[in-house]
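Trainee: need coordinates for the below:
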Amino acid sequence: MSSLVRIATVAAHFGRDLEFDMRRIAFFVDDARRAGASVLVFPDGTLGGCHFTLPRTGCDTLPPALGSDDKHLHRIAGLAAEMVVCAGYHEAADDGNWYNSAVCVTGDGILGRHRQVHQPSGEPSIHAAGDRFAAFDTPVGRFGMVIDYDKVFPESARTLALDGARVVACLSAWPAAGGRTTESRDRQARLFDLYDCARAAENQIVFVSANQTGSLHGVRFVGQAKVVDSGGVIRARTGARPALAVAELDLDAQPPGARHAPRHLDERRPDSYASV
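Mentor: This is a model prediction of the structure:
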C-alpha cells in the first residue's frame with residue numbers, strides 16, 4: 001500500500017434539511033474524487049446541521065436524530081465507494097441518549113465511530129458525553145476522529161496517536177461569533193488554527209480539520225478547513241466560504257523535511273507526569 005495519500009476536507013454549510021445535506025455531500029464527494037482524493041472529511045453536523053444551547057440564538061429545533069444504522073449513513077457509504085469519508089450527525093442511540101457523533105465510512109460500510117467527549121457549557125442539556133477515543137483501521141492507514149471542542153484538549157489527539165492513528169480527522173462547527181467585537185471573532189479564528197497546528201505537531205500526525213461555514217440562527221462559523229502535516233504546517237486550506245482543501249502527503253515521510261526528527265511519542269516520560 002502506497003504511503004502517498006491525497007486528503008481533502010470541507011468547509012461548507014449543512015442545515016436541518018437532510019436531502020439538501022445529501023446533495024451537498026454528493027457534490028463534495030464528486031469534487032474530491034475528481035481531485036484524486038482518497039480521504040474526505042466533512043464538518044460536525046454534516047447531516048442535519050449543528051445544535052445550539054444558547055438561548056440568544058432563538059433556535060427551537062434540534063438536528064434530526066438518526067440511529068446508528070440510519071439509511072443516510074449507508075447512503076454516504078454508497079457515495080464514498082473507494083474513498084474514506086468522515087461525517088457528523090446527531091445520534092439517537094440505543095441506550096436512550098442523544099450524542100454528537102461522527103462516522104467514518106467507505107463503500108464497504110462503517111469503519112469507525114466517535115461520540116464527542118468534551119462538551120462546552122450547556123451542551124450536557126442536549127447530548128450525553130462520549131467516553132473514549134479509539135483509533136481504527138482504514139484502507140489508507142490507521143485513523144482517529146475528534147469533534148469540535150475535543151481538539152481543545154491535548155489528551156484527545158494524544159490518545160489517538162498512542163493508539164496508532166497516523167491521521168486524525170476533526171469535525172467542527174466552530175463559531176466566529178464568540179463575542180460581538182471584531183477582536184473576539186478574530187480570536188476564535190486564531191484559536192481554531194492554533195489547535196489544529198498544535199495537535200498535529202505535538203503528536204507528529206496529520207490533522208484534517210473540517211468546519212461549517214455561513215450562519216445558522218445568528219451564529220456565524222469561521223470555515224478555515226485545512227490539512228496540517230505532522231510538522232504543524234498547513235498544507236492546504238479554505239477561507240470562510242464553502243470550498244474544498246486538498247493536499248497530498250507521504251504518511252511515511254512525517255514529519256516532512258526532517259532527517260533526524262525527534263519522535264515525540266517514543267520520547268515521552270509518563271513516569272514524570274504525576275496523575276495526568
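
Trainee: now do the longest helix belonging to the chain: distance to the chain's middle.
Mentor: Across the chain, the longest stretch assigned as helix under DSSP state H is helix 182-203. Remark: helix 182-203 is offset 14 Å from the chain centroid, using Cα atoms, centre = their mean, to the nearest Å.

Trainee: repeat for stretch 198-213
Mentor: Using Cα atoms, centre = their mean, the offset of stretch 198-213 from its chain centre is 8 Å.

Trainee: can you tell me the distance between the two ends of that stretch?
Mentor: One end of stretch 198-213 sits 22 Å from the other (Cα to Cα, to the nearest Å).

Trainee: what is the mean pLDDT for it?
Mentor: Mean per-residue pLDDT for stretch 198-213: 97.

Trainee: thinking again about what came up before, tell me which residues of the longest helix of the chain come out buried.
Mentor: 185, 188-189, 192-193, 195-203 (16 or more other Cβ atoms under 10 Å). (C-beta placed from N, C-alpha, C; glycine too.)

Trainee: show me what it is packed against.
Mentor: Counting contacts by 3 or more Cβ pairs under 8 Å, 6 or more residues apart in numbering; DSSP states H and E, helix 182-203 is packed against helix 154-162, strand 167-172, strand 206-212, strand 226-228, strand 234-237.

Trainee: hmm, try it at 10 Å
Mentor: Judged by 3 or more Cβ pairs under 10 Å, 6 or more residues apart in numbering; DSSP states H and E, helix 182-203 is in contact with strand 141-147, helix 154-162, strand 167-172, strand 206-212, strand 226-228, strand 234-237.

Trainee: so what's the residue lying closest to residue 227 once chain neighbours are set aside up against?
Mentor: The shortest distance from residue 227 to any non-neighbouring residue, by Cβ to Cβ, 6 or more residues apart in numbering, is to residue 247 (4.0 Å). For residue 247, the contact set (Cβ atoms under 10 Å, 6 or more residues apart in numbering) comprises 5-9, 37, 206, 208, 226-229, 233-237.

Trainee: check residue 222 too.
Mentor: Going by Cβ under 10 Å, 6+ apart, residue 222 touches 11, 172-178, 185-186, 188-193, 211-213, 239-240.

Trainee: kindly recompute the last result at 8 Å.
Mentor: Contact analysis of residue 222 by Cβ atoms under 8 Å, 6 or more residues apart in numbering lists 174-176, 188-189, 192, 211, 240.

Trainee: packing partners for whichever strand or helix holds residue 75?
Mentor: Element membership for residue 75 (DSSP states H and E) is helix 71-80. Helix 71-80 sits against helix 18-34, strand 84-92, strand 98-106, strand 109-115, with contacts defined as 3+ Cβ pairs under 8 Å, 6+ apart.

Trainee: quick check: which of those is buried the most?
Mentor: Comparing the helices and strands packed on helix 71-80 by mean neighbour count (mean count of other Cβ atoms under 10 Å), strand 84-92 ranks first with a mean of 27.

Trainee: quick one, it and strand 206-212 angle?
Mentor: 50 degrees (axes from the mean of the first three to the mean of the last three Cα atoms, to 10 degrees).
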